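# no sequence for this one, just the structure:
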């Protein structure tokens, strides 16, 4: 079974940056898609960055496009989320997971994903 462990969250002022890390374990071929998701209090979980484990063009929603960058290091079983120009509305618990699907579907259909880590809290506030 796939397992995920997120880290790197914290408190940051608006305009600041953070880099989240996620270590994954379990058998995962290059057909898998890796994704970062977030859930703010009272809101549904949403996908913010997804990429094929084997490489290729990532997918981002408009709300984070140009500010968030997903990358992965398969030699270390890691996926990263570099976040820049953070805004108060980015405050949420951030999760990573993986599944066999298309890159866009991975992010756009978070309710279809089953394996989640505990998440890491990101708070953006002045």
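Okay, I see it. Here the structure is a predicted model, which means the values were calculated and not measured.

# sec struct for the residue most central in space within the chain, please.
Of all residues in the chain, the one closest to the mean position by C-alpha atoms, centre = their mean is residue 36, 1.5 Å from it. Following DSSP: H, G, I helix; E, B strand; the rest coil, we place residue 36 in the strand state.

# just checking, what packs against the helix or strand of the chain with the lowest mean pLDDT?
Using mean pLDDT, DSSP states H and E, the weakest-scoring helix or strand in the chain turns out to be helix 103-108, at a mean of 95. The elements that helix 103-108 packs onto, with contact taken as 3 or more C-beta pairs under 8 Å, 6 or more residues apart in numbering; DSSP states H and E, are strand 33-39, strand 46-52. Where you see a C-beta, it was placed from the backbone N, CA and C, and this is true even at glycine.

# how far does that helix sit from its chain's centre?
The chain centre lies 12 Å from the centre of helix 103-108; the measure is C-alpha atoms, centre = their mean, to the nearest Å.

# returning to that earlier point: can I get the helices and strands packed on helix 103-108 in JSON lines with distance to residue 108?
Output for the helices and strands packed on helix 103-108, formatted as JSON lines (distance: least, C-beta to C-beta, whole Å):
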{"stretch": "strand 33-39", "distance to residue 108": "10"}
{"stretch": "strand 46-52", "distance to residue 108": "6"}
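
# would you list every one of the strands in this protein?
All strands of the chain, identified by DSSP state E, fall at 3-7, 10-12, 18-25, 33-39, 46-52, 68-73, 78-83, 92-99, 120-124.

# centroid-wise, who is the farthest residue in the chain?
residue 126 (23.6 Å).

# list the contacts of it.
13, 14 (C-beta atoms under 8 Å, 6 or more residues apart in numbering).

# next one, pLDDT for it please.
Each residue has a pLDDT score; the one for residue 126 is 95.
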